[in-house]
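A.B. asks: here's a sequence, model it:
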Amino acid sequence: MKIDRIFVYGSLMKDYRFYKQYLEGKISNISYGKTHGTLYHLPEGYPALVDGDGTVQGEIMEPVDGLLLADLDKFEGYTGTADNNLYIREKRTVLREDGKQQECWVYIYANKKYAEEKGISVSDGNWRRFISR
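C.D. replies: As a prediction, this is how the structure comes out:
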């Protein structure tokens, strides 16, 4: 099954700087959703989703074609094969606001230990709310 949507939870969400740079005008639908994991705000100023028992809130962007996905891979520091990825792109099930589940691409932060030791826990999984405090 080809996945043509991406779940974003940080600076790629609507109204944030990198949404305008990478996604604005290229996608036709945004819906709210959530997926499993734990969210941290890193000292570098952006969020990191890592495996965990919590829930991370964000936005499903669609459609995402191969060219856009390649641009996002570069932005997220994902090469697909190297060990030094900043994020790793994975298929994840995302629960939409309307209760439906969708498979989406999600960028998972590669260094969980760094996120846990240096990051600030975003306990409710909502980076938008965290950053606007």
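A.B. asks: mind checking the SS state of Arg89?
C.D. replies: What DSSP: H, G, I helix; E, B strand; the rest coil gives for Arg89 is strand.
A.B. asks: specify the beta-bridge partners of it.
C.D. replies: Tyr107 (DSSP bridges).
A.B. asks: what is the neighbour count of it?
C.D. replies: Around Arg89 there are 17 other residues, counting by other C-beta atoms under 10 Å. Glycine gets a C-beta too; all of them are placed from N, C-alpha and C.
A.B. asks: just use 738 as the starting number from now, easier for me
C.D. replies: OK, 738 is where the count begins now, so the last one is Arg826.
A.B. asks: Met750 - that's part of a helix, no?
C.D. replies: No. Residue state for Met750 (three-state DSSP) corresponds to coil; a helix is not indicated.
A.B. asks: for the longest helix along the chain, what is the average pLDDT?
C.D. replies: When the chain is parsed with DSSP state H, its longest helix is helix 803-812. The average pLDDT within helix 803-812 is 95.
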